[in-house]
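**Student:** Dropping the sequence and predicted coords here.
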Amino acid sequence: MQLTLLLLALVGLATAAVYQMPLIKIDSPRIQMMRKGVWRDMVKQRNADRLKLKASAQAFSDNRQDVYNYHDIEYVGNITIGNPEQPFQYRGGRASGIYARDTVRFGAVGKQNRLEVLDVVVGRATKISKTSKDLPFDGVLGLGFETIATNKAIQPPFVRAHKDGIVRPIFTVHLRHIPEGGVGFGGVYTYGGIDRENCDSDFVYEPLTEPGFWQFKLRSISIGGFTSSLGWQAVTSTASGFIAAPQSIADAMAKATRAEEDGYFLDCDGFPTPRFGIGRNRYQVEGYNFMITLAEYKCILSLYGMDGGAFGPSWILGAPFMRQYCNIHDMEKKQIGFAKSLK
């Protein structure tokens, strides 16, 4: 089973074992649609559907409902469920189904040194939304804090693993840069410890501002001649192949790089390098991680604008940032660390 690895459900107990799970790099559905020239039509339809959904929700309730979009996913991993091991498919998005208990193994069939967790509650979908059927993965593996789980009685697999004393409540994410259009080995998740092989030994830690998500304070952003120090809440996420910023900031960043306002397209001969101020440090993302080649002379910034209102973080530092810097997630101390990626 291939799962996108969202940082959405984790809490723990310290032990010594360390396990690694390889990741696979794919072309995201967004980039595939851009290369085919159908992305803008899809966005128009999606926005129209969202307006209908919003109007319907406001007619019946004042409660907020999160809507997740998985079109940006570039990195997936393999797990197996059951005895004997078998992959069975379900999709992201809206679904209904049942809960069952089974064995979950982090890694593909036949791989050595896999994290194995017994008696895990697993959701099995019996019905999915039609918008989810073409996504290039089978489900979502949560790796954030247990406090944000929708069902408090259910422990995600990694939560169960460290509560059972199998691993320490810490994991490292290393995303590997692969030339555009390339697929294959895309990095590694290290469960229970720090990735000493792919990450620099000099980690700088930041305290979490919201210990439910992996959320922290982003102090400033600069690119080209544009700088802003308004300060925002941000999260890192392997579920996004792009960096998401407040719409006005994203537009200003695009203008500073001479990218088109509609879609942030630009020539491929430039190498814009955004710099993110986090704590006392500035983290530079190189142009090869921040631009995507769509055709021989046509590129796009790995950036989009979003307006989340008063809810949630203002920034999502996705794969471009996480390819540049390994992320270490320390549940016990409620902090996130950054170190230069060595590969």
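**Tutor:** That came through fine.

**Student:** Quick one: the helices in this structure, in order.
**Tutor:** 29-36, 39-60, 157-163, 247-256, 287-290, 319-324 (DSSP state H).

**Student:** Show me the shaky parts of the stretch 51-200 of the chain.
**Tutor:** By pLDDT under 70, the weakly predicted segments of the stretch 51-200 of the chain are 51-72, 86-97, 127-137, 152-153, 180-183.

**Student:** what are the ranges of the strands in it?
**Tutor:** Taking DSSP state E, counting those that start in this stretch, the strands of the stretch 51-200 of the chain run over residues 75-81, 95-106, 115-128, 139-140, 170-175, 184-191.

**Student:** got the angle between the fifth one and strand 184-191?
**Tutor:** Between the axis of strand 170-175 and that of strand 184-191 there is an angle of 170 degrees, by axes from the mean of the first three to the mean of the last three C-alpha atoms, to 10 degrees.

**Student:** Sheet partners, orientation included, of strand 170-175?
**Tutor:** Using DSSP bridges, the strands paired with strand 170-175 in its sheet are strand 184-191 (antiparallel), strand 325-330 (antiparallel).

**Student:** so which of those strands is the most packed in?
**Tutor:** strand 325-330 (a mean of 24; mean count of other C-beta atoms under 10 Å). Placement of C-beta: from N, CA and C, glycine included.

**Student:** picking up where we left off before, which of the helices of the chain comes out lowest on mean pLDDT?
**Tutor:** Among the helices of the chain, helix 39-60 has the lowest mean pLDDT, at a mean of 59.

**Student:** In CSV: the strands paired with strand 170-175, plus distance to Ile223.
**Tutor:** Listed next are the strands paired with strand 170-175 as CSV, based on distance: least, C-beta to C-beta, whole Å:
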stretch, distance to Ile223
strand 184-191, 25
strand 325-330, 17
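
**Student:** mind listing what Gly318 touches?
**Tutor:** Shown in contact with Gly318 (C-beta atoms under 8 Å, 6 or more residues apart in numbering): 72, 236-244, 302.

**Student:** Let me know the pLDDT of the closest residue to Leu208 other than its chain neighbours.
**Tutor:** Taking C-beta to C-beta, 6 or more residues apart in numbering as the measure, Leu208 lies nearest to Lys334, with 4.8 Å between them; neighbours along the chain are not counted. Reading off the per-residue confidence, Lys334 sits at a pLDDT of 94.

**Student:** pretty sure Gly186 is touching Tyr75, no?
**Tutor:** Yes. Counting by C-beta atoms under 8 Å, Gly186 does reach Tyr75; the two are 5.0 Å apart.
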